[in-house]
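Enquirer: With the sequence up front, the predicted model follows.
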Amino acid sequence: MENIIFEGELKNGQPIHMHKLTPEQLPEILSLQEQVIQALEVKERLQPLTEDEFRFILEGNGEMIGVYADGKMIAWRAMLVPDNDHEGLGRDVGVPEEEIGKVIYQEISAVSPEWRGFSLQTIMGSVLMDRVDAERYRYVCSTVMPGNIPSLKDKFRHGLEVRALKEKYGGKLRYVFMKDLQAPEQERTESREIPMDDIAAQQALLADGWVGTAMAEGGNGWFVRYER
């Protein structure tokens, strides 16, 4: 397979290769997605993509990368160039209408249940973020279900911030994240930590101009840090 964009090894010494995926890999992509869904205790944590949605990305509307070990796909991750912000994420977080064409989505990722614990989601995310054309795209948006701790950690690790908390995808509650690739670093002077399960308190802060910047585990569960 060609299109190698990264080579390295995992902490157990396993060599891996990362490739830019094409429509030829669709059967592998769909198979791995199904493995991940079947292994989830809470199926709602993942908003799976259809074959047509994958094909849309693979045919030039974004980018997908796959990680291979011993010739087998063990993980993949996608970035999607939306059709006029079709999921509304840019508008959810206040991107001006004249800038909507500069929105790109950090999309779904999948890691084989056998290969969890090797930071593959983070590695793929770093590679994809480095490959974003910052002259063409300014706003990286994404959604995560409250309680999906690995994916929430991943978003914060890549510098995305919570800008909204609302129902998406037919009534499913989601954090809406955004990173402005051109924004100067902001100095924020106020900080509050809110329990992740206190949805109303978080929504009130977001409506008042606060943004979620980090998360931490306390004695009573997970908290989200909000700043302004």
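Expert: Received the coordinates, thanks.
Enquirer: Okay, and the beta partners of residue 104?
Expert: Beta-bridge pairing for residue 104 (DSSP bridges): residue 140.
Enquirer: And residue 180, by the same measure?
Expert: Beta-bridge pairing of residue 180 under DSSP bridges involves residue 139.
Enquirer: What count of nearby residues applies to it?
Expert: When counting by other Cβ atoms under 10 Å, one arrives at 18 neighbours for residue 180. No exception for glycine: its C-beta is placed from N, CA and C like everyone else's.
Enquirer: Residue 32 looks like it's in a helix, true?
Expert: Yes. Counting by DSSP: H, G, I helix; E, B strand; the rest coil, residue 32 is located in a helix.
Enquirer: my guess is it meets residue 77, correct?
Expert: No. Using Cβ atoms under 8 Å, residue 32 is not in contact with residue 77; the gap is 11.1 Å.
Enquirer: Now do the shared contacts for those two.
Expert: residue 110 (Cβ atoms under 8 Å, 6 or more residues apart in numbering).
Enquirer: out of those two, which sits in the more crowded spot?
Expert: Comparing residue 32 with residue 77 by other Cβ under 10 Å, the one with more neighbours is residue 77, at 26 against 21.
Enquirer: Partner strands of the helix or strand where that one lies and their direction?
Expert: With the criterion set as DSSP states H and E, the secondary-structure element containing residue 77 is strand 72-80. Looking at strand 72-80 with DSSP bridges, its partner strands are strand 62-69 (antiparallel), strand 103-111 (antiparallel).
Enquirer: Tally up the residues packed near residue 216, please.
Expert: Using other Cβ under 10 Å: residue 216 sits among 9 other residues.
Enquirer: Show me what it is bridged to.
Expert: Counting by DSSP bridges, the residues bridging with residue 216 are residue 223.
Enquirer: that older thread, need the winner for burial among the strands paired with strand 72-80.
Expert: Of all these, strand 103-111 has the most neighbours on average by mean count of other Cβ atoms under 10 Å, namely a mean of 24.
Enquirer: Which is the succeeding secondary structure element to that one?
Expert: Tracing the chain past strand 103-111, the next element assigned as helix or strand by DSSP H and E is helix 120-131.
Enquirer: That following helix - contacts with which helices or strands?
Expert: Secondary-structure packing of helix 120-131 (3 or more Cβ pairs under 8 Å, 6 or more residues apart in numbering; DSSP states H and E): strand 4-9, strand 15-20, strand 62-69, strand 72-80, strand 103-111, helix 149-157.
Enquirer: any chance of these in TSV, with mean pLDDT too?
Expert: Converted to TSV, the helices and strands packed on helix 120-131 look like this (pLDDT from 0 to 100):
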stretch	mean pLDDT
strand 4-9	91
strand 15-20	96
strand 62-69	97
strand 72-80	97
strand 103-111	94
helix 149-157	94
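Enquirer: and the closest residue to residue 91 other than its chain neighbours, what does it touch?
Expert: If the residues on either side of it in the chain are set aside, residue 91 comes closest to residue 85, at 6.0 Å by Cβ to Cβ, 6 or more residues apart in numbering. Shown in contact with residue 85 (Cβ under 8 Å, 6+ apart): 91, 95, 100, 103.
Enquirer: Show me which of those residues is closest to residue 65.
Expert: Proximity to residue 65 was ranked across the contacts of residue 85 by Cβ to Cβ; first place goes to residue 103, at 20.1 Å.
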